[in-house]
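dropping a prediction and its sequence here:
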Amino acid sequence: MRYLLASVVLVLSNLWLHGVSGSKTPPGFVTTSGTKFELDGKPFAFVGANSYWLPLLTSKEDVRATFREMQASGVKVLRTWGFNAINGSELAGALETGLTYYQVWNSSEWVLNDGPQGLERLDFVIQTAAEHDIKVILAFTNNWVGYGGSELYVNWIAGAGNTHDVFYSDRRIVTSYQRYVKTIVDRYKNSPTIFAWELVNEARCLGDLPNGPNCVPGTELISKWYKEQSDFVRSLDPLHLITTGGEGQFFWRNATGALANDNNFNGAAGEDFDLDLTLENIDFGTYHLYPQSWYANLDFPGSNFSAKQWGLDWISLHAESRVGKPVILEEFGLLGLDNKTVVYPEWVGHALNTHTAIMPWQFGMLGLKEHGGNHLFKYADALINGASPNDGLAIYENQTEVWNIFKHAAQVQASRSG
């Protein structure tokens, strides 16, 4: 009997820790119930926004103006980077230009910048999100080189000549990553503004560096890393949701024909969406959608490849694979205004029909005033005539037909929410 009572207590404790019991979760924290999100015990369906550049802004009024526009358009969740890292050789330039940075790498140990040009900027983004009733998904690092992703860990700790995938296996790197994760989680874990922690943006076996033999189909290297890191984050924070940040690639072990050679289905990318979503401390799934870049060799005039249909099928596959947990179409995009106006209504409508949350890449803002509206951040990312960075996928309010697709979707999601 004592053992039985102890087991019951343990089960109830775990339910509370994982936010399953909405009645014991503090007000304002997002939870899950089956395949749906909840907020304060009521359904929480949403259209969100991706804006990696918001913490890069030096003008607080520009940050406020962006959130006002997000709120007016119906955005309820912002996804942004919880990382901005530089090499020590870049520090002088960063100080001169005002570039936001949270980590400086000069050796195998990074140095934290929690000052006014560092994490205080992220503090302000989260504070302003709260003022506009918007939740925030924070990603801990990037698969790609942009803004100091996982390969800074590889280059500084493992050293030159190593493959990208050692990020997931080198214990020194894992320890350093966890030290940064703890810094971010400890800073914001009591904030109901945080929607979820995201382990990494778009984990793959390869990045800007190639992959090695330890990350190939069947090794489950990334899945094991997801498990370890989600368990670690849960040990720090029992309340907030946790997700992978993955692109949603499958590992269909019996794939044949073209799918056997397709990285989205044959496991070569490193993810296994079906397996990853079963992990105890992964609370919801994410997937991305970029058929133009993923299938550039198939997408040409006269071919029978349809980006629209491929996207519809991709949305269906993830809706069918959610194993009792919610999923978010977390990034998607097409180049070309005509493509957007024709295809986005189909993709967004199908996502709504499958009760999938929607976060297009990326939110565009006009009328920004810092540096007279023209300011280079890094790489080719810049404010140009007051417009936020545009990689060809940004959606601005003056693109009325496209903008209204998401504004209408936000109204549909709001009608489904408590």
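Structure's in. What do you need?

how about the residue nearest the centre of the chain: what's its closest non-neighbour residue?
Taking C-alpha atoms, centre = their mean as the criterion, Gly245 is the residue nearest the geometric centre of the chain, at 4.6 Å. The shortest distance from Gly245 to any non-neighbouring residue, by C-beta to C-beta, 6 or more residues apart in numbering, is to Glu198 (3.9 Å). Backbone N, C-alpha and C define where each C-beta goes, glycine included.

surely the one you found meets Ile137?
Yes. Between Glu198 and Ile137 there is a contact at 5.6 Å, judged by C-beta atoms under 8 Å.

return the set of buried residues in stretch 88-96.
For stretch 88-96, the neighbour count (16 or more other C-beta atoms under 10 Å) marks 90-91, 94 as buried.

no, scratch that, I was asking about stretch 24-32
For stretch 24-32, the neighbour count (16+ other C-beta under 10 Å) marks 25, 29-32 as buried.

what do you get for stretch 41-58?
For stretch 41-58, the neighbour count (16+ other C-beta under 10 Å) marks 44-58 as buried.

what is the end-to-end distance of that stretch?
Taking C-alpha to C-alpha, to the nearest Å, stretch 41-58 runs 37 Å from one end to the other.

give me the contacts around the host helix or strand of Ala49.
Using DSSP states H and E, Ala49 sits within strand 48-50. Here strand 48-50 makes contact (C-beta atoms under 8 Å, 6 or more residues apart in numbering) with 70, 75-80, 137, 328, 330-331, 357-363.

tell me the mean pLDDT for that strand?
Averaging pLDDT along strand 48-50 gives 98.

before we move on, what about stretch 159-179?
For stretch 159-179, the per-residue pLDDT values average out at 97.

I figured Asp381 hits Trp81, correct?
No. Using C-beta under 8 Å, Asp381 is not in contact with Trp81; the gap is 11.9 Å.

who has more neighbours, the two?
Between Asp381 and Trp81, Trp81 has the larger neighbour count (other C-beta atoms under 10 Å), namely 27 against 17.

would you list the buried residues of stretch 88-96 in CSV and tack on secondary structure?
As requested, the buried residues of stretch 88-96 are exported to CSV (DSSP: H, G, I helix; E, B strand; the rest coil):
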residue, secondary structure
Glu90, helix
Leu91, helix
Ala94, helix
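
got these as a markdown table, with pLDDT columns?
Converted to a markdown table, the buried residues of stretch 88-96 look like this (pLDDT from 0 to 100):
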| residue | pLDDT |
| --- | --- |
| Glu90 | 97 |
| Leu91 | 98 |
| Ala94 | 97 |
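
what sits against Arg187?
When contacts are counted by C-beta under 8 Å, 6+ apart, Arg187 touches 119, 123.

assign it to helix, strand or coil.
Arg187 is classified as helix under three-state DSSP.

same question for Phe377.
Under three-state DSSP, Phe377 falls in the strand class.

what segments of the stretch 51-200 of the chain are helices?
Secondary structure of the stretch 51-200 of the chain, counting by DSSP state H, counting those that start in this stretch: helices at 60-73, 91-97, 119-131, 150-153, 171-188.

now the fourth one, how far from the centre of its chain.
Same thing as helix 150-153. Computed by C-alpha atoms, centre = their mean, to the nearest Å, the chain-centroid distance of helix 150-153 equals 18 Å.

buried set for stretch 344-357?
344-345, 347-352, 354-357.

now do the phi/psi pair for the residue nearest to the centre of the chain.
Main-chain torsions, Gly245, degrees, to the nearest 10: phi 90, psi 10.

just to revisit the earlier point, include distance to Leu112, secondary structure and pLDDT when you put the buried residues of stretch 344-357 into a markdown table, please.
Output for the buried residues of stretch 344-357, formatted as a markdown table (distance: C-beta to C-beta, whole Å; DSSP: H, G, I helix; E, B strand; the rest coil; pLDDT from 0 to 100):
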| residue | distance to Leu112 | secondary structure | pLDDT |
| --- | --- | --- | --- |
| Tyr344 | 40 | helix | 98 |
| Pro345 | 44 | helix | 98 |
| Trp347 | 40 | helix | 98 |
| Val348 | 39 | helix | 98 |
| Gly349 | 44 | helix | 98 |
| His350 | 43 | helix | 98 |
| Ala351 | 38 | helix | 98 |
| Leu352 | 41 | helix | 98 |
| Thr354 | 41 | coil | 97 |
| His355 | 40 | coil | 96 |
| Thr356 | 36 | coil | 97 |
| Ala357 | 32 | strand | 97 |
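
contacting residues around the residue nearest to Arg64 when sequence neighbours are not counted?
Leaving aside its sequence neighbours, Arg64 sits nearest to Thr128 (C-beta to C-beta, 6+ apart; 5.8 Å). By C-beta under 8 Å, 6+ apart, the contact list for Thr128 reads 60, 63-64, 67.

try Tyr226
Residues in contact with Tyr226, defined by C-beta under 8 Å, 6+ apart, are 199, 203, 244, 276, 279, 282.
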